[in-house]
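In: predicted structure and sequence below. I'll ask about it afterward.
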Amino acid sequence: MAIRELCHLPNDLVLRQKARRVSTINGSIQQLIDDMVETMQQADGVGLAAPQVGVPLRVIVLRMLGEEPIAIINPEIVKRVGEREVTEACLSIPGYAGEIKRSVSVTVKGRNRQGKAIRIKATGRMAQTLEHELDHLNGILYIDHVESRDKLYKVEAETETRGM
Ligand code: ZN
């Protein structure tokens with residue numbers, strides 16, 4: 001495993017691209033997943049999408065407190081329920097956080113690291129993270145959802161909301 005360099009706004013245009021579907025789950029995709037997990041943990045993030053390490057492919061990883069990291073290849077949101085206000089931050093936009101609306105729960109389908117079809121129903125923080133990472137695959141960042149300027153603010157590193 002290796003830690004990859006994180007892409008940031010405004011310089012890394014890959015963050016604004018629509019990522020491509022993965023056609024074959026092979027060793028290089030599994031290596032990408034392993035590196036993304038290590039990079040996410042090193043950055044103390046709760047999720048990461050492949051474009052954030054400069055790879056325009058539809059691969060995301062996430063980790064919830066006390067659980068093993070999860071990887072999803074070609075993830076798709078098949079259901080969204082409800083709406084709630086959340087505070088959100090992104091590893092690709094350091095030093096900022098914003099208040100936006102996210103779903104209360106989402107159902108996501110895709111494939112795991114071994115290529116097996118999976119379906120995950122998530123609520124709360126995990127649903128928020130899944131929506132955030134799915135957005136990354138479409139070139140969308142949380143700042144695009146901030147409705148007014150006063151809902152995006154600078155944060156100190158030590159109080160920073162954990163990024164995704
Ligand atoms: Zn992000």
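Out: Arrived safely, thanks for sending. On a predicted model such as this, the values are computed, not experimentally measured, just so you know. Numbers count the residues shown, from 1 in each chain.
In: residue 99 bridge partners, please.
Out: residue 87 (DSSP bridges).
In: so it makes contact with residue 142?
Out: No - taking contacts as CB atoms under 8 Å, residue 99 lies outside contact range of residue 142: 9.8 Å. For the C-beta atoms, the positions are set from N, CA and C on the backbone; glycine is no exception.
In: give me the common contacts of those two.
Out: residue 88 (CB atoms under 8 Å, 6 or more residues apart in numbering).
In: more neighbours: which of the two?
Out: residue 142 (27 against 17; other CB atoms under 10 Å).
In: how close does the more buried one sit to residue 6?
Out: According to CB to CB, to the nearest Å, residue 142 and residue 6 sit 16 Å apart.
In: surely residue 112 meets residue 73?
Out: Yes - the criterion here is CB under 8 Å, and residue 112 meets it with residue 73 at 7.2 Å.
In: neighbour-wise, which of the two wins?
Out: The neighbour comparison of residue 112 against residue 73 (other CB under 10 Å) goes to residue 73, with 23 against 15.
In: ok, that one - contacts?
Out: Per CB under 8 Å, 6+ apart, neighbours of residue 73: 22, 25, 29, 33, 58, 59, 110, 111, 112, 113, 115.
In: name the SS class of it, please.
Out: strand (DSSP: H, G, I helix; E, B strand; the rest coil).
In: with adjacent residues omitted, what lies nearest to it?
Out: Among residues not flanking residue 73 along the chain, residue 111 sits closest, at 4.4 Å (CB to CB, 6 or more residues apart in numbering).
In: tell me how many other residues crowd the one you found.
Out: Count around residue 111 with other CB under 10 Å applied: 18.
In: for residue 141, same thing?
Out: 18.
In: and it, what pLDDT?
Out: Turning to residue 141, the model gives it a pLDDT of 98.
In: pop out the phi and psi values for it.
Out: phi -120, psi 160 (degrees, to the nearest 10).
In: kindly report the same for residue 15.
Out: The phi/psi pair for residue 15 (degrees, to the nearest 10) reads phi -70, psi -20.
In: mind pulling up the pLDDT for it?
Out: Listed pLDDT for residue 15 reads 97.
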